[in-house]
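Sequence unavailable; structure follows:
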């Protein structure tokens, strides 16, 4: 499962788990999420993708 870490000023604030794992749907969700996060936290926000294995 692909998850997104929200990083503000080098500190991980939150982990977002997309409901849909399709790449195109995830891309548009990331675009909308990044706009919302930049209005909340400022310009020093980034999203880091990682794979989380459920075992």
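Received the coordinates, thanks. The structure presented is a predicted model; accordingly, all values stated were derived computationally and were not measured.

only C-alpha atoms for contact and neighbour calcs from this point on.
Noted.

for the protein, which spans come out with low pLDDT?
Along the chain, the model assigns pLDDT under 70 to no residue.

And the helices in this protein, which stretches?
Assigned helices in the chain, in chain order: 23-41 (criterion: DSSP state H).

so what's the spatially most central residue of it up against?
With distances taken as Cα atoms, centre = their mean, the chain has residue 4 as the residue nearest its mean C-alpha position (3.6 Å). The contact partners of residue 4, taken as Cα atoms under 8 Å, 6 or more residues apart in numbering, are 15-18, 47-50.

What subset of those residues is buried?
The neighbour-count criterion (16 or more other Cα atoms under 10 Å) marks residue 47 among these as buried.

from the contacts of residue 4, which ones fall inside strands?
15-16, 47-50 (DSSP state E).

any chance of these in CSV, with distance to residue 8 too?
Output for the ones in strands among the contacts of residue 4, formatted as CSV (distance: Cα to Cα, whole Å):
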residue, distance to residue 8
15, 12
16, 14
47, 9
48, 11
49, 14
50, 16
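
Name the nearest of those relative to residue 22.
residue 49 (13.9 Å; Cα to Cα).

Is the closest one in contact with residue 5, as I believe?
Yes - with contact defined as Cα atoms under 8 Å, residue 49 counts as touching residue 5 (6.4 Å).

quick one: which of the ones in strands among the contacts of residue 4 is nearest to residue 9?
Of the ones in strands among the contacts of residue 4, the one sitting nearest to residue 9 (Cα to Cα) turns out to be residue 47, at 11.6 Å.
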